[in-house]
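Participant: for reference, the sequence and a predicted model appear below.
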2 protein chains.
Amino acid sequence: MKVYIIGVGLIGGSMALDIKKIYSEVTIFGIDANEEFLEKALELNLIHQKATIETISEADFVILAIPVDVALVILPKILDVVTEKTLVLDVGSTKFPICEVVENHLNRRNFMATHPIAGTEFSGPTAAIENLFQDKTNIICEVEKTAFKLQEKGLELFKKLGMRIRYMEAKSHDKHIAYVSHLSHISSFMLGKTVIEKEKDERDIFDMAGSGFESTVRLAKSSPAMWTPIFNQNKKHVVNSLEEYILNLTKFKEYIENNDLESVFNEMKNTNRIKEILK
Amino acid sequence: MKVYIIGVGLIGGSMALDIKKIYSEVTIFGIDANEEFLEKALELNLIHQKATIETISEADFVILAIPVDVALVILPKILDVVTEKTLVLDVGSTKFPICEVVENHLNRRNFMATHPIAGTEFSGPTAAIENLFQDKTNIICEVEKTAFKLQEKGLELFKKLGMRIRYMEAKSHDKHIAYVSHLSHISSFMLGKTVIEKEKDERDIFDMAGSGFESTVRLAKSSPAMWTPIFNQNKKHVVNSLEEYILNLTKFKEYIENNDLESVFNEMKNTNRIKEILK
């Protein structure tokens, strides 16, 4: 079996690791715009060998784990050269734009749009870890547009990775993911920015930071190269979510300013429901 | 040795657990406005027996681990009845108001204002855990106002709990803690609120939430009874931090709206420094 991983970072590299464990007779080919990443991926045994896009027609799986703006350019080119047996997967955090870009491609049926809800705040091949996908959710969009045999092939891979599957419409995915993922990243980045700006001359103030700050600001370590095109592609929903968030923060600030402690209390009390929701 | 814990919740209960391990001949007395909490604390072996404030004059340590508004009322009453050997500690998240309220108390020297930077998002006696304070920072304010012998007594306890000590001015503590702790709590609560409001009719959307959302929203599980008076007591700094946070979010939103991807990227890139800072 031949698996091509395009983008040997956190997600691509972690998938490579698991696929090597799952399938005994597999060769993992790595493709990456960053030559250092490729060398590192070889050194870390994430991939068996480097490859170029020209040889991709022989692939069983092509896994596209690159920034979502680049994916829009690369995916049609890959679909141009694949054969019947090849399943091309993307794993990006936005789904409507990528589905749209290949909507009328002759080989649309070779493509499956997926979003594994898995990751860490780290990036690059050194961030790759085993079992990253175990017990995580994978969202598949427009599954009916993938050839039936290739659907089966994809689902078998995800099952072996330990993932549970949810099917969603691409537009609906992008709207909801803005709230449960993209907004968290921005709230975390801007929290980090606000605190760094304030405390820039007093580095040891961070000694005062407890585990609370640390977990809230964790996502501010994420890769800007990965997240910039995500926010851009999902602009409408991200901007909406940010406007609602800013409005809620402003109201909460006003309750504090006006000594309306009952409202301050109730806002928090009502949000405590998140305990049950996340269970 | 007699230790009185006023407020047998997360912090008071966890201190009780460690103190029982550290000192072999100790009796832990529990006081709490909530009778159920007291019963639970007995059942969980956090405390040896229930007590009332009247017998407190015999105490070696009195640890005040209650909401910061109640602490302002209770602390002077305790200082009214203590004897020379008693060290009264508070563990609240604001330090200026409590220092101010006992500034001219005849027994001010029996009091030490502390803030152990330790906790979890849970509350109540069932949240108490061992070793919560190990390797954590404890901020002590206005230490020179505590009697020298009682300073030693307090420091010995903190050393045995495994804490490192930092001394700060109360006003300075309150300003900086607004940024590295209080703001994180509000950003987390409002993130939770924004997502719950949006998704209220679609509970299974939370299946889409990954570990990123979970860690960013973790603090939204915290106790409103504990946090409402903290935000109120630290109003000025909390409001300032919120205004800066809202401004940063608004600017980021505008960069996205205006397709200014270079600024979106740079904002995140600059904030990535948080990796090194938190090391």
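Facilitator: Nice, I can see it. Numbers count the residues shown, from 1 in each chain, chains lettered A, B, ... in the order given.
Participant: next, count neighbours for A:Val214.
Facilitator: Check again: residue A:214 is Glu, not Val. A:Glu214: 15 surrounding residues under other CB atoms under 10 Å in any protein chain shown. From N, CA and C alone the C-beta is placed, and that goes for glycine too.
Participant: for it, give me its contacts.
Facilitator: B:Leu278 (CB atoms under 8 Å, 6 or more residues apart in numbering or on different chains).
Participant: which strand or helix spans it?
Facilitator: Element membership for A:Glu214 (DSSP states H and E) is helix A:211-216.
Participant: grab the nearest non-local neighbour of the residue sitting nearest the centre point of chain A.
Facilitator: Residue closest to the average C-alpha location in chain A (CA atoms, centre = their mean): A:Ser93, at 4.5 Å. In space, A:Ser93 comes closest to A:Ile230 once its chain neighbours are excluded; the distance is 4.9 Å by CB to CB, 6 or more residues apart in numbering or on different chains.
Participant: other residues contacting the helix or strand in which the one you found is found?
Facilitator: Secondary structure assignment for A:Ile230, by DSSP H and E: helix A:224-233. Contact with helix A:224-233 is made by A:67-70, A:92-94, A:96-97, A:123, A:182, A:185-186, A:238, B:256, B:259, B:261, B:264-266, B:268-269, B:272, as judged by CB under 8 Å, 6+ apart.
Participant: what mean pLDDT does that helix have?
Facilitator: Computed over helix A:224-233, the mean pLDDT rounds to 97.
Participant: distance from it to the middle of the chain?
Facilitator: 11 Å (CA atoms, centre = their mean, to the nearest Å).
Participant: which phi and psi does the closest residue to chain B within the stretch 1-150 of chain A have?
Facilitator: For the stretch 1-150 of chain A and chain B, the shortest gap (CB to the nearest CB) falls at A:Ile117, measuring 4.2 Å. When read as degrees, to the nearest 10, the backbone of A:Ile117 gives phi -80, psi 80.
Participant: return the distance of the lowest-mean-pLDDT helix or strand in chain A from the chain's centre.
Facilitator: In chain A, no helix or strand scores lower on mean pLDDT, DSSP states H and E than helix A:274-278, which sits at a mean of 88. Relative to the centre of its chain, helix A:274-278 is centred 23 Å away, using CA atoms, centre = their mean.
Participant: dump it to CSV, keeping only the CA atoms.
Facilitator: Presented in CSV, the C-alpha positions along helix A:274-278 are these (Å, rounded to 0.1, in the frame of the first residue of the first chain):
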residue,chain,number,x,y,z
ILE,A,274,-20.7,23.9,30.4
LYS,A,275,-19.7,21.3,33.0
GLU,A,276,-22.6,19.0,32.1
ILE,A,277,-22.4,19.8,28.4
LEU,A,278,-18.8,18.8,28.1
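Participant: now tell me what touches it from outside.
Facilitator: B:Gly192, B:Ile196, B:Arg203, B:Phe206, B:Ala209, B:Glu214, B:Val217, B:Ala220, B:Lys221.
Participant: rerun at 10 Å
Facilitator: Residues outside helix A:274-278 that contact it (CB atoms under 10 Å, 6 or more residues apart in numbering or on different chains) are B:121-122, B:188-189, B:191-193, B:195-196, B:199, B:203, B:205-206, B:209, B:213-214, B:217-221.
Participant: ok, back up a step: of the contacts of helix A:224-233, grab the buried ones for PyMOL.
Facilitator: PyMOL command restricting these to the buried ones, with burial defined by 16 or more other CB atoms under 10 Å in any protein chain shown:
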select buried, (chain A and resi 67+68+69+70+92+93+94+96+97+123+182+185+186+238) or (chain B and resi 256+264+265+268+272)
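Participant: of the contacts of helix A:224-233, which belong to strands?
Facilitator: Per DSSP state E, strands hold no members of the contacts of helix A:224-233.
Participant: in helices only, show me the contacts of helix A:224-233.
Facilitator: Of those, the ones assigned to helices by DSSP state H are A:68-70, A:96-97, A:185-186, A:238, B:256, B:261, B:264-266, B:268-269.
Participant: re the thing from before, show me what contacts the residue of the stretch 1-150 of chain A closest to chain B?
Facilitator: A:93, A:133, A:136-139, A:163-164, A:166, A:177, A:180-181, B:207-213.
Participant: rerun at 7 Å
Facilitator: A:Lys136, A:Thr137, A:Ile139, B:Met208, B:Gly210 (CB atoms under 7 Å, 6 or more residues apart in numbering or on different chains).
Participant: which of the contacts of helix A:274-278 count as buried?
Facilitator: In the contacts of helix A:274-278, the ones that pass as buried (16+ other CB under 10 Å) are B:121, B:188-189, B:191-193, B:195-196, B:199, B:205-206, B:209, B:213, B:217-221.
Participant: thinking again about what came up before, now the helix holding A:Glu214: how far from the chain's centre is it?
Facilitator: 22 Å.
Participant: average model confidence for that helix?
Facilitator: 92.
Participant: which residues of chain A fall in strands?
Facilitator: A:2-6, A:27-31, A:49-50, A:61-64, A:87-90, A:111-116, A:137-141, A:164-168.
Participant: got those as JSON lines, with mean neighbour count and mean pLDDT columns?
Facilitator: Below are the strands of chain A laid out as JSON lines (neighbours: other CB atoms under 10 Å in any protein chain shown; pLDDT from 0 to 100):
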{"stretch": "strand A:2-6", "mean neighbour count": "23", "mean pLDDT": "98"}
{"stretch": "strand A:27-31", "mean neighbour count": "23", "mean pLDDT": "98"}
{"stretch": "strand A:49-50", "mean neighbour count": "12", "mean pLDDT": "96"}
{"stretch": "strand A:61-64", "mean neighbour count": "25", "mean pLDDT": "98"}
{"stretch": "strand A:87-90", "mean neighbour count": "25", "mean pLDDT": "98"}
{"stretch": "strand A:111-116", "mean neighbour count": "25", "mean pLDDT": "98"}
{"stretch": "strand A:137-141", "mean neighbour count": "22", "mean pLDDT": "97"}
{"stretch": "strand A:164-168", "mean neighbour count": "15", "mean pLDDT": "95"}
